[in-house]
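*Asks:* Give me a 3D structure for the following:
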Amino acid sequence: MEIAFIALILAVLLGAFVLIPRHGKSAHKNKVKSTVDDPKAFKSYSKSEVMLHNKRTDCWVILKDKVYDVTSYVEEHPGGDAILAHAGDDSTEGFFGPQHATRVFGMIDDFYIGDLQK
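*Replies:* Numbering: from 1, shown residues only. Take a look at the predicted model:
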């Protein structure tokens with residue numbers, strides 16, 4: 001009986017640990033600004049519009065004719081300032097280079113804001 005009670009308590013605590021969001025630096029580090037939940041936010045951008053966002057504090061990049069606002073990721077980028085080399089420009093070649101692990105291909109969708117005008 002005692003073992004069943006202890007198992008029940010542990011199950012409740014484990015469930016609470018999994019379901020309650022964590023706060024603090026490590027929890028914030030993995031959060032990114034996303035417009036994916038708001039389809040109205042997607043639009044089409046000209047190359048000249050994207051070129052205006054070429055700073056550490058305002059950084060957009062183009063990947064395969066899609067526009068991404070990576071400003072919130074610039075400081076967390078493991079490659080340091082390499083992300084700024086193509087700020088406001090096409091970064092397709094660098095992004096799909098051998099230096100990136102496959103997990104970045106899943107992360108990038110969180111930064112999507114629209115398509116590049118043809």
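*Asks:* shaky segments in this structure?
*Replies:* 4-41, 103 (pLDDT under 70).
*Asks:* for it, what spans make up the helices?
*Replies:* Per DSSP state H, the chain carries helices over the ranges 2-19, 25-29, 47-51, 92-95, 103-107.
*Asks:* Next, count neighbours for I83.
*Replies:* 21 (other CB atoms under 10 Å). C-beta coordinates here come from the backbone N, C-alpha and C atoms, glycine included.
*Asks:* what's near enough to touch it?
*Replies:* Applying CB atoms under 8 Å, 6 or more residues apart in numbering, we find I83 in contact with C59, V61, V70, Y73, V74, H77, S91.
*Asks:* Got a ChimeraX select line for the buried ones in those?
*Replies:* This is the ChimeraX syntax for the buried subset of those, where burial follows 16 or more other CB atoms under 10 Å:
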select :59,61,70,73,74,91
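*Asks:* Can you tell me which of the contacts of I83 is nearest I108?
*Replies:* Of all the contacts of I83, V70 has the smallest distance to I108: 8.3 Å, by CB to CB.
*Asks:* Do me a favour and get the backbone dihedrals for that closest one.
*Replies:* With angles defined as degrees, to the nearest 10, V70 sits at phi -100, psi 20.
*Asks:* returning to what we had before: wait, which of the contacts of I83 is closest to S46?
*Replies:* Distances from S46 to the contacts of I83, taken by CB to CB, are shortest for V61, at 14.9 Å.
*Asks:* okay but that closest one is in contact with V74, surely?
*Replies:* No - if you go by CB atoms under 8 Å, V61 and V74 don't touch, sitting 10.3 Å apart.
*Asks:* Tell me the buried residues in stretch 53-61?
*Replies:* Neighbour counts using 16+ other CB under 10 Å place H53, C59, W60, V61 of stretch 53-61 among the buried residues.
*Asks:* Right, I'll leave it there.
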